[in-house]
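*Asks:* Generate a structure from the sequence data that follows.
(one chain, ligands or ions: 1)
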Amino acid sequence: QLQKPKLILDDGKRLDGRKPDELRPMKMEIGVLKNADGSSLVQVGNTKILAAVYGPREMHPRHLALPNRAVLRVRYHMTPFSTDERKNPAPSRREIELSKVIREALESTILVEEFPRSSIDVFMEVIQADAGTRLASLMAASLAVVDAGIPVKDLIAAVAVGKADGIVVLDLNEPEDMWGEADMPVAMMPALGQINLIQLNGNMTPDEFKQAMDLSMKGINIIYNMEKDVLKNRYAELKEES
Ligand code: ADP
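*Replies:* Got it, this is the predicted structure:
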């Protein structure tokens, strides 16, 4: 589509039928891969992310190991079939940048000091991209890290907020991401009350920014409760199996 469509319709709803303060449907699952130490599948609307975690394990190559903490290595990657036009499988600048952004946010949650000389390797594959892949990947990584039994300070819950046709909206869809006036991904460690990732593309007034922050906090709380439920249910399942 080459021309901006109307993003907020006359009934006040968005192109996907949601109200401005509504989240997309979400699904989260952990322990989905047999050969990884931890794994997860996260779906936010049509965005689907698979995450795998290995470690903590002995660092290879050894000279990259740190004497006082684990090194976190993170790869965000889009599969060639994840977008409407085949994506070149070679890592793009965007993927390299997002890998770094995700690593820094994830690192702030992990107790890396407990694992000197080790590495923790986190892989995220975007299976289907439909806006919000960096945050869905970050949440998938956070869940997979916990699934691997790695101690964390808190889970990460995250959602993008922004502005479309002058309205502050929660959890941007792809047309809003592409054509909206502002796009602001926000990630938090909710129990600690700490924001660990925030970016802003586009423009908002300070008032709209405040409104957007409030809206993101609402969304993050709902998502955080879903994450905790996923972990609780998984542990209940494991107990039954044993
Ligand atoms: P995020 O996925 O975190 O929102 P961007 O704002 O960079 O990150 O991308 C927005 C959306 O644009 C993506 O979720 C995806 O749907 C689409 N997109 C990103 N990169 C590509 C690409 N190389 N080819 C096609 N679509 C893409």
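*Asks:* so who does Asn203 touch?
*Replies:* 181-182 (C-beta atoms under 8 Å, 6 or more residues apart in numbering). Every residue, glycine included, has its C-beta placed from N, CA and C.
*Asks:* Please report how far it lies from Leu33.
*Replies:* Using C-beta to C-beta, to the nearest Å, Asn203 is found at 41 Å from Leu33.
*Asks:* and if you look at Lys210?
*Replies:* Where Leu33 is concerned, Lys210 sits at a distance of 41 Å (C-beta to C-beta).
*Asks:* more neighbours, those two?
*Replies:* Leu33 (17 against 12; other C-beta atoms under 10 Å).
*Asks:* what's near enough to touch that one?
*Replies:* Leu33 neighbours (C-beta under 8 Å, 6+ apart): 39, 50, 52.
*Asks:* Shouldn't it be within a helix?
*Replies:* No - checked against DSSP: H, G, I helix; E, B strand; the rest coil, Leu33 lies outside a helix; its state is coil.
*Asks:* Backbone dihedrals for it, please?
*Replies:* The phi and psi values for Leu33, taken as degrees, to the nearest 10, are phi -120, psi 140.
*Asks:* Which elements pack onto the helix or strand bottoming out on mean pLDDT in the chain?
*Replies:* Least confident helix or strand of the chain, by mean pLDDT, DSSP states H and E, is helix 206-241 with a mean of 95. Judged by 3 or more C-beta pairs under 8 Å, 6 or more residues apart in numbering; DSSP states H and E, helix 206-241 is in contact with strand 26-30, helix 133-147, strand 157-164, strand 167-170, strand 182-189.
*Asks:* Just the C-alpha atoms of the longest one, please, in PDB.
*Replies:* Coordinates of each C-alpha in helix 133-147 appear next as PDB, following Å, rounded to 0.1, in the frame of the first residue of the first chain:
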ATOM      1  CA  THR A 133       8.500  -8.000  16.600                       C
ATOM      2  CA  ARG A 134      11.200  -6.400  18.800                       C
ATOM      3  CA  LEU A 135       9.000  -6.500  21.900                       C
ATOM      4  CA  ALA A 136       7.400  -9.900  21.200                       C
ATOM      5  CA  SER A 137      10.900 -11.200  20.800                       C
ATOM      6  CA  LEU A 138      12.100  -9.600  24.000                       C
ATOM      7  CA  MET A 139       9.100 -11.200  25.900                       C
ATOM      8  CA  ALA A 140       9.800 -14.500  24.200                       C
ATOM      9  CA  ALA A 141      13.400 -14.300  25.300                       C
ATOM     10  CA  SER A 142      12.500 -13.400  28.800                       C
ATOM     11  CA  LEU A 143      10.100 -16.400  29.100                       C
ATOM     12  CA  ALA A 144      12.600 -18.700  27.600                       C
ATOM     13  CA  VAL A 145      15.300 -17.600  30.000                       C
ATOM     14  CA  VAL A 146      13.100 -18.400  32.900                       C
ATOM     15  CA  ASP A 147      12.100 -21.700  31.300                       C
END
